[in-house]
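Student: Sequence first, then the predicted structure:
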Amino acid sequence: DAKTTQPTSMDCAEGRAANLPCNHSTISGNEYVYWYRQIHSQGPQYIIHGLKNNETNEMASLIITEDRKSSTLILPHATLRDTAVYYCIVRAPANAGNMLTFGGGTRLMVKP
Amino acid sequence: GAGVSQTPSNKVTEKGKYVELRCDPISGHTALYWYRQSLGQGPEFLIYFQGTGAADDSGLPNDRFFAVRPEGSVSTLKIQRTERGDSAVYLCASSLMPAGGEDTQYFGPGTRLTVL
């Protein structure tokens, strides 16, 4: 699976949008971009994933650049409960190897 | 619906002892994964089951670690002769594993293992 690069940490004001970047310049054509987050002392929580198109669900939006070499996770109105480590993971389809390879992630601190 | 559950939530043991960690996947999920997370690090893959069989055990650190999934549902991770370096949070995840395409893994809360 392709390697990802994320900033180590970010701050965001409560109520503002949090934009978390991820670089995956070696991504292959069939690899998906997944985002998980991990709140302190909990298991990783699935947020969203995408292949080529931008995606939105009740938690977040995922913007993938046209060349697919980078993406941005957007939390539209961050709350204190969104403070967590956010992991961007690039992964091949299920039939081509199945483990998730976690990097260091971005530690997002939402401040009042 | 019910998510992935893991028991116990915490386990404290002494060096050299044997431990078993249990994972109950989401009902109907055929794939089950074990990961280990050391303090300050991201989770690291240990082993993956497709049904009852271990499809990939390349992440198991040594032969003291073993996992089973005899009926294709519940899985047990077994650690023999525990060492202090085994102290970590052990995470379990499950997924539907459709043929091809994307496949989302859902994680349990983890078992925190402390080896004294």
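Tutor: Nice, thanks for sending it over.
Student: Helix or strand for residue A:58, just tell me which one.
Tutor: If you go by DSSP states H and E, residue A:58 is not part of any helix or strand.
Student: so how far is residue B:38 from it?
Tutor: To residue B:38, residue A:58 is 32 Å away according to CB to CB, to the nearest Å. Yep, even glycine has a C-beta here, placed from its N, CA and C like the rest.
Student: What values do phi and psi take at residue B:86?
Tutor: Residue B:86 adopts backbone torsions of phi -80, psi -10, taken as degrees, to the nearest 10.
Student: Tell me the spacing between the residue lying closest to it once chain neighbours are set aside and residue B:108.
Tutor: Once flanking residues are discounted, residue B:86 sits nearest to residue B:115: 5.2 Å by CB to CB, 6 or more residues apart in numbering or on different chains. Using CB to CB, we find residue B:115 at a distance of 21 Å from residue B:108.
Student: okay, these two: which has more neighbours?
Tutor: Set residue B:115 next to residue B:108 and count neighbours by other CB atoms under 10 Å in any protein chain shown: residue B:108 wins out with 24 against 19.
Student: who touches the more buried one in this structure?
Tutor: Neighbouring residues of residue B:108 by CB atoms under 8 Å, 6 or more residues apart in numbering or on different chains: A:43, B:3-6, B:23-24, B:91-93.
Student: From those, list the buried ones, please.
Tutor: The neighbour count (16 or more other CB atoms under 10 Å in any protein chain shown) marks A:43, B:4, B:6, B:23-24, B:91-93 as buried among these.
Student: And the contacts of the least confident helix or strand in chain B by mean pLDDT?
Tutor: Counting by mean pLDDT, DSSP states H and E, chain B has its least confident helix or strand at strand B:53-56, which shows a mean of 88. Residues outside strand B:53-56 that contact it (CB under 8 Å, 6+ apart) are A:97-99, B:47-49, B:67, B:69.
Student: let's go with 6 Å and repeat that
Tutor: B:47-48 (CB atoms under 6 Å, 6 or more residues apart in numbering or on different chains).
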